[in-house]
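Engineer: Pasted the sequence and its predicted model underneath.
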Amino acid sequence: MKIKDIVLSKGLTGFYFDDQKAIRMGNAVQNGITYDGSPITSGFHSIRQAGESVSVQIVLGDGQVAYGDCAAVQYSGAGGRDPLFLADTYIPTIQKLVVPLLVGKSLDSFKEIAIEIENIRDQNGKALHTAIRYGVTQALLDAVARSKQTTMAEVIVEEYGLELIPEPVLIFCQTGDDRKTNADRMIIKGADMLPHGLYNNINKLGKQGEYLKEYLAWLKARIQELKINPRYLPDLQIDVYGTIGEAFDNDIKKIGEYAGELAKVVAPHELFIEGPIECASKEEQIKAMAELRAYVDDNNIPVKFVVDEWCNTLDDIKAFVDAKAGHMIQIKAPDLGSLHNSVEAVLYCRENGLLPYLGGSCNETERSAQITVQIAVATRPRQILSKPGMGVDEGLSICTNEMNRLVALLKSKAR
């Protein structure tokens, strides 16, 4: 089967682009769901602005249409990531550099074509924006699956020589700033993991982390109050964007001791802390996360640290894994560009003893979420992120339904 045509269209994501630097530095004053203040990061016209996507439709020779969505993370331009992804800016790039390469190409191997997309360079020798590589390879994975009359998960399993395990993967939900109402939604629906919490400013965390501690105590009690199943004991994961490090002057011992206090508050729930510290470079970040892991492990503190910032590429992930810098790696799919990088990142984590978390961003689309689910069932990370959006119900239903449909179909085929 060959590619007959490529059709591009501008779209919306499930959330917004936010200028993380402006928020972290205190330039942002919350005003309803947006922020007042001046942006700092290049490309932003306001601290919060509408998220944009580009839908890539691949028309196959037999008339079938496969599709994927180019999308970038909420905090674009931060932590070494590519700049703001605006559809009108990047559609011409796709038309010029991607479409001619793909039209007429045979859909024999997802991985081979994905690597070609990853290796495209512009006139300045730069790789395509991660969002372009992400969305185009989503569509390619769908196209290969359609050409072979199989699922996307089965394509990955076959091409990477994996075992097909038709079982769900844990789904981790995020509250956004509406920490209590959205936690209620998660508890009522029995989410596997919660709440994320979005502690992206020290004023939310508390100068000594007191507000986060109070919230976790409330959350533990709220789970007991609202849970339907008496055996419901979800893992708790909090994303703090380096604010714990900020509160404790990046002192490894103090951060570890504070993490231990939080673990006591939430016991018997298992606690994961994402982004406990944020440094100025990848090398510093790796060193700090390795020291944090070693400290809590050596002192039997029951907490797991999750890597996010400065871990944007497959090579970055390998460097963090090799250094045992943290316990779990968020493989932020949009940041890795071509989907084969996400596949290989999950497998590398699994093979080398760190927990893989196939994540992404609230600022994605329903299509990128569905395809992430397909990859997760094939590669078996510990968990995936519920996406897109911050409303809980929508993202959780999209990911759960795609996963349950896929698992049921795979089991049916096995019978």
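Structural biologist: Happy to help now that I have it.
Engineer: Tell me which stretches of the stretch 301-415 of the chain form helices.
Structural biologist: 314-322, 339-351, 366-379, 393-414 (DSSP state H, counting those that start in this stretch).
Engineer: looking at the ones you listed, which is buried most?
Structural biologist: Most buried of these, by mean neighbour count (mean count of other C-beta atoms under 10 Å): helix 366-379, with a mean of 25. C-beta: built from backbone N, CA, C; applies to glycine.
Engineer: Dump the helices of the stretch 301-415 of the chain to JSON lines, plus distance to residue 233.
Structural biologist: Converted to JSON lines, these look like this (distance: least, C-beta to C-beta, whole Å):
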{"stretch": "helix 314-322", "distance to residue 233": "28"}
{"stretch": "helix 339-351", "distance to residue 233": "24"}
{"stretch": "helix 366-379", "distance to residue 233": "22"}
{"stretch": "helix 393-414", "distance to residue 233": "18"}
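Engineer: Columns distance to residue 119 and mean pLDDT on top of the ones you listed, output as TSV?
Structural biologist: As requested, those are exported to TSV (distance: least, C-beta to C-beta, whole Å; pLDDT from 0 to 100):
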stretch	distance to residue 119	mean pLDDT
helix 314-322	13	97
helix 339-351	11	98
helix 366-379	21	98
helix 393-414	30	97
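Engineer: Flag the shaky bits of the protein, pLDDT-wise.
Structural biologist: Within the chain, the stretches with pLDDT under 70 are 79.
Engineer: Residue 23 reaches residue 41, doesn't it?
Structural biologist: No: using C-beta atoms under 8 Å, residue 23 is not in contact with residue 41, being 10.1 Å away.
Engineer: on that earlier part again, what's the closest of the helices of the stretch 301-415 of the chain to residue 152?
Structural biologist: Minimum separation from residue 152 across these (C-beta to C-beta) falls at helix 366-379, 3.9 Å.
Engineer: Centre of the chain to that closest one, how far?
Structural biologist: 11 Å (C-alpha atoms, centre = their mean, to the nearest Å).
Engineer: Can you spell out which helices and strands pack onto it?
Structural biologist: Judged by 3 or more C-beta pairs under 8 Å, 6 or more residues apart in numbering; DSSP states H and E, the packing partners of helix 366-379 are strand 65-70, helix 130-148, helix 152-160, helix 339-351, strand 355-359, strand 383-385, helix 393-414.
Engineer: What angle do helix 393-414 and it make with each other?
Structural biologist: Going by axes from the mean of the first three to the mean of the last three C-alpha atoms, to 10 degrees, helix 366-379 is angled at 40 degrees with respect to helix 393-414.
Engineer: Output helix 366-379 as CSV, restricted to C-alpha atoms.
Structural biologist: Listed in CSV are the C-alpha atoms of helix 366-379, where the atom choice follows Å, rounded to 0.1, in the frame of the first residue of the first chain:
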residue,chain,number,x,y,z
GLU,A,366,-7.9,13.3,21.5
ARG,A,367,-6.1,11.7,18.6
SER,A,368,-2.6,11.9,20.1
ALA,A,369,-4.0,10.5,23.3
GLN,A,370,-5.5,7.5,21.5
ILE,A,371,-2.3,6.7,19.7
THR,A,372,-0.3,7.0,23.0
VAL,A,373,-2.6,4.3,24.4
GLN,A,374,-1.9,2.0,21.5
ILE,A,375,1.8,2.4,22.1
ALA,A,376,1.4,1.9,25.8
VAL,A,377,-0.4,-1.4,25.5
ALA,A,378,2.3,-2.6,23.1
THR,A,379,5.3,-1.5,25.1
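Engineer: picking that back up, could you provide the helices and strands packed on helix 366-379 in TSV, with additional columns for distance to residue 83?
Structural biologist: Putting the helices and strands packed on helix 366-379 into TSV (distance: least, C-beta to C-beta, whole Å) gives the following:
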stretch	distance to residue 83
strand 65-70	14
helix 130-148	10
helix 152-160	29
helix 339-351	19
strand 355-359	20
strand 383-385	22
helix 393-414	25
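Engineer: Among those, which comes closest to residue 19?
Structural biologist: helix 130-148 (17.2 Å).
Engineer: how distant is that closest one from the center of its chain?
Structural biologist: 18 Å.
Engineer: Flag every buried residue along that helix.
Structural biologist: Of all the residues in helix 130-148, those buried under the rule 16 or more other C-beta atoms under 10 Å are 130-147.
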